[in-house]
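Trainee: Take this sequence and fold it.
(chains A and B)
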Amino acid sequence: MKYVFFGTPEFAATILEKLIDVGYIPEAVVCNPDEPIGRKQILTPPSAKIMAEKFNISVFQPLKLRDNLEFFDWIKKLKPDLAIIAAYGKIVPKEILGIPIYGFINVHGSLLPAYRGASPIQSTILNGDEETGITLIKLDEKMDHGPVLGKSEIRISKSETYDTLSAKLAEAGAELLIKTIPDYIAGKIKLTEQSHAEATYAGIIKKEDGKINWLKSAEEIERMVRAFYPWPTAWTIWNEKTLKILEAITSSGDNKKTGEVFLKNSELAIKCGVGVLVVKKLQLEGGKILTAKDFLNGHKNFVGNIFS
RNA sequence: CGCGGGGUAGAGCAGCCUGGUAGCUCGCAAGGCUCAUAACCUUGAGGUCGUUGGUUCAAAUCCAACCCCCGCAA
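Mentor: This is a model prediction of the structure:
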């Protein structure tokens, strides 16, 4: 079976690696172009490209797919039987969707039709769900809308961050693909239409989404901390500097003002709209990641501050 | 040349502007208190102040270059 793999970040790279491991070697990998990363603006290849090159698989990095004749001709000439797409980062135009005989199989990080869109993993943590999963769908022209080939469920632990959940979902996605592809090709899989009326959407995450509103409950804020780790992180402003909260737990309420910083059993605590957030790790703009204890050693005036 | 913060005892920070051989909190060690303690009290060990050079009678502090860490932006 001849297939092409579409995917860009770590999530895609993990799936790609697993597929290769069991002998599903793609004809080519298509991912987003290299991007300038970090302070030095060094042009850095995406994870999927690095993985592909490790196995000497050719890589294509088109700037766009729509109206890209060169790319269109290339894939048409290649005549793949199938395409697998995971966190690619671009919409695949209708003309291209029809090229592989078996279409495009998309690995999506939620139990569709919940959380269609760009941030299913963050959204499920934010909402405090106890369970999420992977859904394989056959791509159609609408976003995350196609019929379902299979699902795999995963429990969300209380300390799950975007990072850890993303890794688990990638693993689960790869396993599900490996199990499903042969049956699908053999025509043994019945495609199931999604119940579109129940669809929910998760938009792209912006830096600003991580800004903490201290009127919210400690539970909500604690979920933000996990959902937005490591980016954009849950953050607030202190002394005109960004203060990232990287790890925290919730605690019961105290008779304090909303947003007030205090010591609870000598731990760094912040009163929220409802309940208390006990901060474990944080990072001030320009500084390193510190434990709450270290941070307090050097910032005595932090206790007593009131966040808005 | 994208913008900015920082490198001072094991850790986190102050001191730098207005030069005169370093201080705070924690940790560590010893002793004490206590039925006991991660609590409290006392004492102590531990620092070429990122590197190199310059100015000066004198540099953590002023000047120059370089190295390293970090935030933003992408």
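
Trainee: Please count neighbours and contacts with C-alpha atoms only from this point.
Mentor: Noted.

Trainee: and residue A:136, that's in a strand?
Mentor: Yes. Residue A:136: assigned to a strand according to DSSP: H, G, I helix; E, B strand; the rest coil.

Trainee: contacting residues for it?
Mentor: A:105, A:106, A:107, A:108, A:148, A:149, A:150, A:151, A:173, A:177 (C-alpha atoms under 8 Å, 6 or more residues apart in numbering).

Trainee: let's go with 6 Å and repeat that
Mentor: Counting by C-alpha atoms under 6 Å, 6 or more residues apart in numbering, residue A:136 makes contact with A:106, A:107, A:148, A:149, A:150.

Trainee: any idea of the pLDDT on residue A:105?
Mentor: pLDDT recorded at residue A:105 is 98.

Trainee: same check, this time on residue A:53
Mentor: Note for residue A:53: predicted pLDDT of 95.

Trainee: Could I get the pLDDT score of residue A:43?
Mentor: You'll see residue A:43 listed with a pLDDT of 85.

Trainee: Look up the closest residue to it, ignoring the ones flanking it.
Mentor: residue A:36 (4.1 Å; C-alpha to C-alpha, 6 or more residues apart in numbering).

Trainee: Keep only those of the contacts of residue A:136 that are in helices.
Mentor: Per DSSP state H, helices hold no members of the contacts of residue A:136.

Trainee: now that we have those residues, which one has the most neighbours?
Mentor: Among the contacts of residue A:136, residue A:107 has the most neighbours (other C-alpha atoms under 10 Å), with 29 neighbours.

Trainee: Surely that residue is in contact with residue A:88?
Mentor: No. In this structure, residue A:107 is not within contact of residue A:88 by C-alpha atoms under 6 Å, at 10.0 Å.

Trainee: Turn the contacts of residue A:136 into a markdown table, columns for distance to residue A:163.
Mentor: Shown next, in a markdown table, are the contacts of residue A:136 (distance: C-alpha to C-alpha, whole Å):
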| residue | distance to residue A:163 |
| --- | --- |
| A:106 | 21 |
| A:107 | 17 |
| A:148 | 26 |
| A:149 | 26 |
| A:150 | 24 |
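
Trainee: could you dump these to a markdown table with distance to RNA strand B?
Mentor: Conversion of the contacts of residue A:136 to a markdown table gives the following (distance: C-alpha to the nearest atom of the strand, whole Å):
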| residue | distance to RNA strand B |
| --- | --- |
| A:106 | 26 |
| A:107 | 25 |
| A:148 | 34 |
| A:149 | 35 |
| A:150 | 34 |
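
Trainee: which one of the residues you listed is nearest residue A:186?
Mentor: Checking those against residue A:186 by C-alpha to C-alpha gives residue A:149 as the nearest, at 12.9 Å.

Trainee: which ones are touching residue A:298?
Mentor: Contact analysis of residue A:298 by C-alpha under 6 Å, 6+ apart lists nothing.

Trainee: Dihedrals phi and psi, it?
Mentor: Dihedral angles of residue A:298 (phi, psi; degrees, to the nearest 10) stand at phi -100, psi -10.

Trainee: Not counting sequence-adjacent ones, nearest residue to whichever residue of the stretch 51-200 of chain A sits closest to RNA strand B?
Mentor: In the stretch 51-200 of chain A, the residue found nearest to RNA strand B is residue A:63; the distance is 13.4 Å by C-alpha to the nearest atom of the strand. Closest residue to residue A:63 apart from its sequence neighbours, by C-alpha to C-alpha, 6+ apart: residue A:33 at 6.5 Å.

Trainee: secondary structure element for the one you found?
Mentor: Here residue A:33 sits in a region with no helix or strand, counting by DSSP states H and E.

Trainee: Would you confirm that it contacts residue A:64?
Mentor: No. Using C-alpha under 6 Å, residue A:33 is not in contact with residue A:64; the gap is 9.6 Å.

Trainee: can you confirm residue A:19 is in a helix?
Mentor: Yes. Counting by three-state DSSP, one finds residue A:19 located in a helix.

Trainee: how many neighbours does it have?
Mentor: Neighbours of residue A:19 using other C-alpha under 10 Å come to 18.

Trainee: Quick check: it vs residue A:26, distance?
Mentor: 9 Å (C-alpha to C-alpha, to the nearest Å).

Trainee: List the beta-bridge partners for residue A:260.
Mentor: residue A:306 (DSSP bridges).

Trainee: Pretty sure it sits against residue A:308.
Mentor: No. Distance between residue A:260 and residue A:308: 8.8 Å, which falls outside the contact criterion (C-alpha under 6 Å).

Trainee: out of the two, which sits in the busier spot?
Mentor: Neighbour tally, residue A:260 and residue A:308, criterion other C-alpha under 10 Å: the higher count belongs to residue A:260, 19 against 13.

Trainee: Many thanks, we can stop here.
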